[in-house]
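A.B. asks: here is my input; please provide its structure:
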Amino acid sequence: MSEARVMGSLADRLLSFVSTTPERDANYDIAVTLLKHYPQLKGMTLGQIANLCYTSKASISRFCRFLGMDSFKAFQAWLEQDFTMRTDYSRQFYTMLHNNQEMAIGFYRDALISNIYATITPENAEVIPDIVRVLHGCGKAAYFSHHFLWDIGHYFQSKMMIMGRYVELFMDYAAQLECARSLTENDFAIICSVGGSYPTRYPDICNAIISSGCKVLVITQNLASPYLNTADFILQCGTTNRNDVGKYAALMANDLIVMGYMQAYDKAFQ
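C.D. replies: Residues are numbered from 1 along each chain as shown. From the prediction side, this is the model:
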């Protein structure tokens, strides 16, 4: 419990739980209620949230521990660190969207296309065969990311599973840290961080990856990150994340690996 940290919004965590759990139990009911009243949760007391969910304070405290937090106080702290649309979109783009929607969408499109071209480069293509060779031959493969990049990681995990390669992927900090500490020199770690903030946000995880001696691939736009000095492979996923266009380039970088793996090892077309 002491190693629980925020790796995305509380809403992300709740949505993931209600979308994947096979049991509609008391925890499910609490999570759904919290999602339905999410904008009102900040500042609410334990008693108020218990009343909102038609349950007891003890049940809410147990639910907080179920999510990986030591206490309701940690739950409140997670809420305070939540994200807004201003996290991803600039005031300039918001104003442009209101004043001239066509211009705003065109601006967004051009940035997106530029990112894709900056991802599909000879430099990236050159390292793909070595990446897929290591991915195919390694013992354990593990994918590390946070916030919206979970979705891209899950996409990559699903595509690789179709081709018979299991890739570990975890949402919570403690699970990611445990996974990193379990790696050996025969394994392969993929870190996807568009802005390159993952190593500075979660140094214990990254230090565990480095200490393991495993092969490391970093997918990022931040080519100035000192963490790249320890990476075996680098895939640049575009050049800008302004107004959240970086996610498309990150997806494209993952697709390059998927297509390279399909070309080299998948038997579906043979």
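A.B. asks: how about the strands in the stretch 101-250 of the chain?
C.D. replies: According to DSSP state E, counting those that start in this stretch, the stretch 101-250 of the chain carries its strands in the segments 141-144, 167-169, 188-192, 215-220, 233-236.
A.B. asks: can you list these in TSV and add distance to S59, mean neighbour count and mean pLDDT?
C.D. replies: Yep, even glycine has a C-beta here, placed from its N, CA and C like the rest. As requested, the strands of the stretch 101-250 of the chain are exported to TSV (distance: least, C-beta to C-beta, whole Å; neighbours: other C-beta atoms under 10 Å; pLDDT from 0 to 100):
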stretch	distance to S59	mean neighbour count	mean pLDDT
strand 141-144	33	24	98
strand 167-169	30	19	96
strand 188-192	36	24	97
strand 215-220	41	26	96
strand 233-236	45	20	96
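A.B. asks: closest to N243 out of those strands?
C.D. replies: strand 215-220 (18.1 Å; C-beta to C-beta).
A.B. asks: any chance of the strands of the stretch 101-250 of the chain in JSON lines, with distance to Y227 too?
C.D. replies: Converted to JSON lines, the strands of the stretch 101-250 of the chain look like this (distance: least, C-beta to C-beta, whole Å):
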{"stretch": "strand 141-144", "distance to Y227": "12"}
{"stretch": "strand 167-169", "distance to Y227": "20"}
{"stretch": "strand 188-192", "distance to Y227": "8"}
{"stretch": "strand 215-220", "distance to Y227": "7"}
{"stretch": "strand 233-236", "distance to Y227": "10"}
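A.B. asks: which one of those lies closest to Y54?
C.D. replies: Among those, strand 167-169 comes nearest to Y54, with 34.5 Å by C-beta to C-beta.
A.B. asks: each with direction, which strands does the closest one pair with?
C.D. replies: strand 141-144 (parallel) (DSSP bridges).
A.B. asks: other residues contacting the strand it pairs with?
C.D. replies: Residues outside strand 141-144 that contact it (C-beta atoms under 8 Å, 6 or more residues apart in numbering) are 135, 153, 156-157, 160, 165-169, 176, 179-180, 183, 187-192, 198, 205, 209.
A.B. asks: again, only this time at 6 Å
C.D. replies: Applying C-beta atoms under 6 Å, 6 or more residues apart in numbering, the external contacts of strand 141-144 come out as 135, 153, 167-169, 176, 179, 188-191.
A.B. asks: any idea how far that strand is from the chain center?
C.D. replies: A distance of 11 Å separates the centroid of the chain from that of strand 141-144, by C-alpha atoms, centre = their mean, to the nearest Å.
A.B. asks: again with stretch 201-221
C.D. replies: 15 Å.
A.B. asks: got the buried residues for it?
C.D. replies: For stretch 201-221, the neighbour count (16 or more other C-beta atoms under 10 Å) marks 202, 205-206, 208-210, 212, 214-221 as buried.
A.B. asks: measure stretch 238-252 end to end?
C.D. replies: Using C-alpha to C-alpha, to the nearest Å, the end-to-end distance of stretch 238-252 comes to 9 Å.
A.B. asks: in it, which residues are buried?
C.D. replies: Buried residues in stretch 238-252, defined by neighbour count with 16+ other C-beta under 10 Å: 238-239, 241-252.
A.B. asks: so which of the residues you listed are in helices?
C.D. replies: Under the assignment DSSP state H, these contribute 246-252 to helices.
A.B. asks: between the buried residues of stretch 201-221, which is closest to M96?
C.D. replies: Out of the buried residues of stretch 201-221, the member with the shortest distance to M96 (by C-beta to C-beta) is Q221, at 22.6 Å.
A.B. asks: can you tell me how far the closest one sits from D204?
C.D. replies: Distance, Q221 to D204, by C-beta to C-beta, to the nearest Å: 24 Å.
A.B. asks: again, but for S59
C.D. replies: Separation of S59 from D204 (C-beta to C-beta) stands at 32 Å.
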